[in-house]
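Chemist: pasting a predicted model and its sequence here:
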Amino acid sequence: AQTVTQSQPEMSVQEAETVTLSCTYDTSESDYYLFWYKQPPSRQMILVIRQEAYKQQNATENRFSVNFQKAAKSFSLKISDSQLGDAAMYFCAYRSAGTYKYIFGTGTRLKVLA
Amino acid sequence: EAQVTQNPRYLITVTGKKLTVTCSQNMNHEYMSWYRQDPGLGLRQIYYSMNVEVTDKGDVPEGYKVSRKEKRNFPLILESPSPNQTSLYFCASSFAREWADTQYFGPGTRLTVL
């Protein structure tokens, strides 16, 4: 069975600085998708970024980028120029290609310090 | 406005009293899913559906039922709720296409079972 591990329950970053959130996963499959979701205090779940396993190029979305290391089964999220609005819980998630069964990590709470 | 709606948003009930949480989406999505979120455990998928009359178990289906009689609706049924089902529940939907699988989440339902 696949597993997703987020080993940092909480992290802090100074406003305008860069922070990296870690995510590792375990799978025997070669084709899958990885996601980072943001959950602000409003509880609304929002997709931040998505990565296809067959693509070697790391996904980027404005200030958000990932470091996808397939062999190491690592999928970290880098947030550049952190803003107060980035404060939230961040979840890493995995989905096998061909299914819609999702596995989420336990989350990392990010605090942004002014 | 494209959205996923859930009702009720908050519910306090007692052990054994059957309840239904409704979920509806207006985006013509094929895929719909229910998750529960618990502190320290992240999100766990309960059931998902790829189309009308097609449902599959997620990681934590015990104690829950679902049905998909219409494409837009995916109710979650707790036939005999127990205190360990106290949780925050999210409904989500997306297209069932590999390149268009962004999940849209509802606002959440906070359920307390006494």
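Modeler: Alright, I've got the coordinates.
Chemist: ok, the least confident helix or strand in chain A by mean pLDDT near chain B or not?
Modeler: When the helices and strands of chain A are compared on mean pLDDT, DSSP states H and E, strand A:60-61 comes out lowest with a mean of 90. No - using CB under 8 Å from any CB of the partner chain, strand A:60-61 stays clear of chain B, with a minimum separation of 11.9 Å. Just so you know, the C-beta spots here come from the backbone N, C-alpha and C atoms, and that holds for glycine as well.
Chemist: chain center to that strand: distance?
Modeler: Centre-to-centre, strand A:60-61 and its host chain are 12 Å apart (CA atoms, centre = their mean, to the nearest Å).
Chemist: what does stretch B:51-68 give?
Modeler: From the chain centre to the centre of stretch B:51-68 is a distance of 9 Å (CA atoms, centre = their mean).
Chemist: list the buried residues of it.
Modeler: B:55, B:58, B:60-61, B:64, B:66-68 (16 or more other CB atoms under 10 Å in any protein chain shown).
Chemist: only C-alpha atoms, please: export the helix or strand hosting A:V13 in PDB.
Modeler: Secondary structure assigned from DSSP states H and E places A:V13 in strand A:10-14. The C-alpha coordinates for strand A:10-14 follow below in PDB (Å, rounded to 0.1, in the frame of the first residue of the first chain):
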ATOM      1  CA  GLU A  10       5.000  22.700  12.000                       C
ATOM      2  CA  MET A  11       7.300  25.200  10.400                       C
ATOM      3  CA  SER A  12       7.900  29.000  10.600                       C
ATOM      4  CA  VAL A  13       9.200  31.400   8.000                       C
ATOM      5  CA  GLN A  14       9.900  35.100   8.000                       C
END
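Chemist: what is that strand packed up against?
Modeler: Applying 3 or more CB pairs under 8 Å, 6 or more residues apart in numbering or on different chains; DSSP states H and E, one finds that strand A:10-14 contacts strand A:19-21, strand A:108-113.
Chemist: buried residues, it. List them.
Modeler: Under the neighbour-count criterion of 16+ other CB under 10 Å, strand A:10-14 has A:V13 buried.
Chemist: stretch A:76-86 too?
Modeler: For stretch A:76-86, by 16+ other CB under 10 Å, it's A:76-79, A:82, A:86.
Chemist: in TSV, list those residues along with distance to A:L110, secondary structure and pLDDT.
Modeler: Listed next are these as TSV, based on distance: CB to CB, whole Å; DSSP: H, G, I helix; E, B strand; the rest coil; pLDDT from 0 to 100:
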residue	distance to A:L110	secondary structure	pLDDT
A:S76	13	strand	97
A:L77	10	strand	98
A:K78	12	strand	98
A:I79	8	strand	98
A:S82	8	coil	97
A:D86	6	helix	97
